[in-house]
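Novice: A structural model of the following input is requested.
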Amino acid sequence: MSKIDNFNKEGESKEIIIMGEIKIEKGNLTQRIINSYENVNKEEPDQLWEFEDIKPIENEEEIKNCEIFINDNRIEFNYDYNFKKEGNYKIKYKFKKLMISTNFLFYGCNSLRSLDLSNFNTQNVISMGHMFQYCYSLISLDLSNINTQNVTNMTEMFWGCESLTSIDLLNFDTENVNNFGNMFRDCSSLISLDLSNFNTENAIVMGNMFDGCNSLLFLDLSSFNTQHVSQMDYMFNNCKLLKSLDLSSFKTQNVTNMRNMFSDCSSLISLNLSNFNTQNVIDMGFMFNNCSSLISLDLSNFNTQKAYDMGNMFSGCNSLLSLDLSNFNTQKVNYMDNMFNGCNSLISLDLSNFNTQNVEDMRNMFDYCNSLIFKYFKNYH
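Specialist: Residues are numbered from 1 along each chain as shown. Below is the predicted model:
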């Protein structure tokens with residue numbers, strides 16, 4: 001398998017420096033301080049792995065390119081470092097040549113407390129996937145001068161940065177990015193996120209983009225262009241504190257997967273999806289699962305002609321008073337299990353247009369629908 005060449009063929013550049021701080025706890029003296037930024041030696045370098053599966057690949061060019069200093073003392077290059085005692089340490093990374101990939105650069109460096117990339121030249125970088133993934137302790141991240149104009153991949157870039165309360169991305173140029181999947185996943189302390197400058201015209205993947213951002217109070221996506229996006233599964237999953245979400249600018253004609261898109265958005269009161277074009281969506285399972293504060297839901301324009309999974313679609317929507325599904329085409333649906341489970345405020349439900357001839361699983365479809373006094377099927381099997 002050929003490797004990405006991370007270095008500028010024209011030779012050395014001026015100093016490219018990242019400054020940081022690392023906190024070492026007693027009993028955990030050996031810590032990852034940098035990760036291999038070559039592509040991981042896997043057949044599918046962007047698939048999801050468990051933390052322990054990502055091992056730095058010792059690379060001679062990387063070792064020659066990067067010098068590391070602890071408290072201003074240069075150390076022998078290593079991906080892991082054995083600190084002598086607990087405490088706070090300054091750390092400096094000095095790169096001799098420009099890179100075209102920063103994939104996994106700080107992956108799993110979970111003792112890093114701060115990173116300042118204001119002097120880090122990324123003008124040649126085309127991929128930043130997993131760059132800060134699992135930097136659990138990171139509370140400060142300066143990306144104010146980072147150059148992303150050539151970047152196409154930002155998948156999982158901040159996944160698991162659970163201590164960050166804010167990230168300033170106003171200088172990010174995302175015009176060429178096609179993969180935003182899992183970008184902010186499990187950034188569970190993020191309170192606000194300004195993406196007003198994001199250009200998403202070339203985006204294809206947005207699955208899990210904000211999954212687990214359960215402290216976010218507001219999210220303005222009015223600038224998002226989603227015309228080419230095919231994956232929106234788990235996009236807002238577990239955004240528990242979002243009370244409103246304006247997706248009126250979303251174009252969804254190419255989306256095939258909306259599974260768990262809004263699941264566990266338990267503070268959402270209303271959601272207007274009248275602009276959604278769902279003609280190509282095949283998976284709607286768990287789409288609104290546990291949206292327990294949702295009082296109204298406009299699905300009047302939903303085209304479900306290709307959908308095969310509606311299992312748990314509205315389960316746990318226990319504040320919904322009404323639901324108009326008169327336009328639903330269910331002829332290809334295989335799964336309706338738990339579809340309305342726990343919708344205990346629904347009084348009536350007209351499913352006269354539902355065709356269930358291909359449904360394989362309808363278990364618990366109306367469980368705990370305690371207020372429901374009328375439901376009607378056509379072609380019930």
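Novice: Surely Asp220 forms part of a strand?
Specialist: No. Remark: Asp220 does not belong to a strand; assigned using DSSP: H, G, I helix; E, B strand; the rest coil, it is coil.
Novice: so how many other residues sit close to it?
Specialist: 13 (other CB atoms under 10 Å). C-beta: built from backbone N, CA, C; applies to glycine.
Novice: quick one: it from Asn208, how far?
Specialist: Remark: distance between Asp220 and Asn208 (CB to CB, to the nearest Å) = 19 Å.
Novice: same thing with Met154?
Specialist: 13 Å.
Novice: What of Met339?
Specialist: 23 Å.
Novice: swap in Asn353?
Specialist: 32 Å.
Novice: out of the two, which sits in the busier spot?
Specialist: When Asn353 and Asn208 are compared for neighbours, Asn208 comes out ahead with 26 against 15, by other CB under 10 Å.
Novice: tell me which element that one is part of?
Specialist: Using DSSP states H and E, Asn208 sits in no helix or strand.
Novice: So for Asn353, what's the nearest residue that isn't a sequence neighbour?
Specialist: Distances taken as CB to CB, 6 or more residues apart in numbering place Ser326 nearest to Asn353, at 5.9 Å, with adjacent residues excluded.
Novice: Would you confirm that the one you found contacts Leu349?
Specialist: No. Using CB atoms under 8 Å, Ser326 makes no contact with Leu349, being 10.8 Å away.
Novice: higher neighbour count, those two?
Specialist: With neighbours defined as other CB under 10 Å, Ser326 and Leu349 compare such that Leu349 has more, 22 against 12.
Novice: how near is that one to Asp173?
Specialist: 48 Å.
Novice: Repeat that for Gly20.
Specialist: Gly20 is 24 Å from Asp173, by CB to CB.
Novice: which one of the two has more residues nearby?
Specialist: With neighbours defined as other CB under 10 Å, Gly20 and Asp173 compare such that Gly20 has more, 22 against 15.
Novice: Is the more buried one in a helix, a strand, or coil?
Specialist: Secondary structure of Gly20, per three-state DSSP, is strand.
Novice: quick one: contacts for it?
Specialist: Gly20 sits next to 90-93, 112-116 when contact means CB atoms under 8 Å, 6 or more residues apart in numbering.
Novice: which among those residues end up buried?
Specialist: 91-93, 112-116 (16 or more other CB atoms under 10 Å).
Novice: Can I get those in CSV including pLDDT, distance to Ser188 and secondary structure?
Specialist: As requested, the buried ones among the contacts of Gly20 are exported to CSV (pLDDT from 0 to 100; distance: CB to CB, whole Å; DSSP: H, G, I helix; E, B strand; the rest coil):
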residue, pLDDT, distance to Ser188, secondary structure
Ile91, 98, 25, strand
Lys92, 97, 29, strand
Tyr93, 96, 27, strand
Leu112, 97, 17, strand
Arg113, 98, 17, strand
Ser114, 98, 19, strand
Leu115, 98, 19, strand
Asp116, 97, 23, strand
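Novice: right, and Gln227 touches Val255 too?
Specialist: No. Gln227 is beyond contact range of Val255, at 10.2 Å (criterion: CB under 8 Å).
Novice: So between those two, which is more surrounded?
Specialist: Counting neighbours by other CB under 10 Å for Gln227 and for Val255 shows that Val255 has the greater number, 27 against 14.
Novice: wait, the more buried one sits on Val281?
Specialist: Yes. Between Val255 and Val281 there is a contact under CB under 8 Å: 5.8 Å.
Novice: What segments of the chain are strands?
Specialist: Assigned by DSSP state E, the chain shows strands spanning 16-24, 30-32, 66-70, 73-75, 80-82, 87-95, 112-119, 140-142, 270-272, 296-298, 348-351, 374-377.
Novice: Show me the shaky parts of this structure.
Specialist: 1-14, 38-58, 374-381 (pLDDT under 70).
Novice: try 80 this time
Specialist: 1-15, 36-61, 373-381 (pLDDT under 80).
Novice: What is the burial count for the residue nearest to Asp309 when sequence neighbours are not counted?
Specialist: In space, and not counting its chain neighbours, Asp309 is closest to Gly285: 4.1 Å by CB to CB, 6+ apart. Residues near Gly285, counting by other CB under 10 Å, number 24.
Novice: And Glu60, by the same measure?
Specialist: 7.
Novice: So in terms of bridging, what pairs with Lys92?
Specialist: Met19, Phe69 (DSSP bridges).
Novice: From what I see, it and Ile16 are in contact.
Specialist: No. At 11.4 Å, Lys92 does not count as touching Ile16 under the criterion of CB under 8 Å.
Novice: Need the nearest residue in space to Gly316, chain neighbours excluded.
Specialist: Gly316's closest residue in space is Asn290 (CB to CB, 6+ apart), at 3.8 Å.
Novice: State the phi and psi torsions of the one you found.
Specialist: phi 60, psi 30 (degrees, to the nearest 10).
Novice: In stretch 146-161, which residues are buried?
Specialist: Residues of stretch 146-161 classed as buried: 146, 148, 151-161 (neighbour count, 16+ other CB under 10 Å).
Novice: ditto for stretch 327-341
Specialist: So, applying 16+ other CB under 10 Å, buried residues of stretch 327-341: 328, 330-333, 335-341.
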